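Chemist: Quick one, what's the 3D model for this:
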Amino acid sequence: MECLIKPLLEKNMAEKIIQSIEINPTSWESGKNTAGSLAAKQKNNLQLSKKSEIAISNSNLIVEEITSDQLIKSFALPRKVHSVMFTKTCKGQGYGSHIDNAYMSTGRSDLSFTLFLNDPNEYEGGELSIQSLQDEKTIKLPKGHIVIYPSTTLHSVNKVTAGERIVCVGWIQSYVVNNEDRNLLFGLDAGARGILANSGRSKELDLVFQAYSNLLRRLGD
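Modeler: Reported below is the predicted structural model:
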């Protein structure tokens, strides 16, 4: 299982987002409202109403940050970032093991992301846990950092035992469906860009970029 972890937002931007989404407490609703029938039994958190102006404006801001980040574009090959929402997990709440729906009304879920908006020392527990065949990866990131991981994995949010965990979550429909294919393309692109940065343009490097582009055409949908 491959995932990408990186800073996305400056701390002051993350703080401004939290301040804006916390202005109206009545805009928060049960997270079960957007969960499937099976996931709803595992989901215990709050989410900001997607219809609120605050949710829409902040979602657009985060989508713009994601789609303009070069490393994320190379890793995820995003066709569409969709179903972005803000969630709050309070003391005693969490989200049991589940898998995201393959298709949502807004698009296909190839990759899932969690953007951590408040500092990890502001709450206890609340780690994102991602399972693979052999192990389990536990993630709790600094304010403004994002983790992007395959939607094909089972994952959960550990129970919060103190404070509140505030994050933004969403999904990416990629031009390349298969996780292994995306990882191969990501490695090829990263290697080619590293050679370009260290040694400059060459005929040999042009052939590498040609192979990458044509492989993307073959593997993309």
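
Chemist: count of neighbours near residue 200?
Modeler: Close neighbours of residue 200, defined as other C-beta atoms under 10 Å, add up to 8. Where you see a C-beta, it was placed from the backbone N, CA and C, and this is true even at glycine.

Chemist: Please read the previous query as pertaining to residue 20.
Modeler: For residue 20, the count of nearby residues is 17 (other C-beta under 10 Å).

Chemist: Where in this structure is the helix or strand with the lowest mean pLDDT?
Modeler: Taking mean pLDDT, DSSP states H and E as the measure, the helix or strand of the chain with the lowest value is strand 43-44, at a mean of 90.

Chemist: In the chain, which residue is most central in space?
Modeler: The C-alpha lying nearest the average C-alpha coordinate of the chain belongs to residue 113 (C-alpha atoms, centre = their mean; 1.2 Å).

Chemist: May I have the secondary structure class of that residue?
Modeler: What DSSP: H, G, I helix; E, B strand; the rest coil gives for residue 113 is strand.

Chemist: so what's it closest to, chain neighbours aside?
Modeler: Closest residue to residue 113 apart from its sequence neighbours, by C-beta to C-beta, 6 or more residues apart in numbering: residue 148 at 4.5 Å.

Chemist: Show me which parts of the longest helix along the chain are buried, residue by residue.
Modeler: Assignment by DSSP state H gives helix 179-199 as the longest helix of the chain. Buried residues in helix 179-199, counted by 16 or more other C-beta atoms under 10 Å: 179, 181, 182, 185, 186, 188, 189, 192.

Chemist: For the protein, which residues score under the pLDDT cut-off?
Modeler: By pLDDT under 70, the weakly predicted segments of the chain are 1, 35-40.
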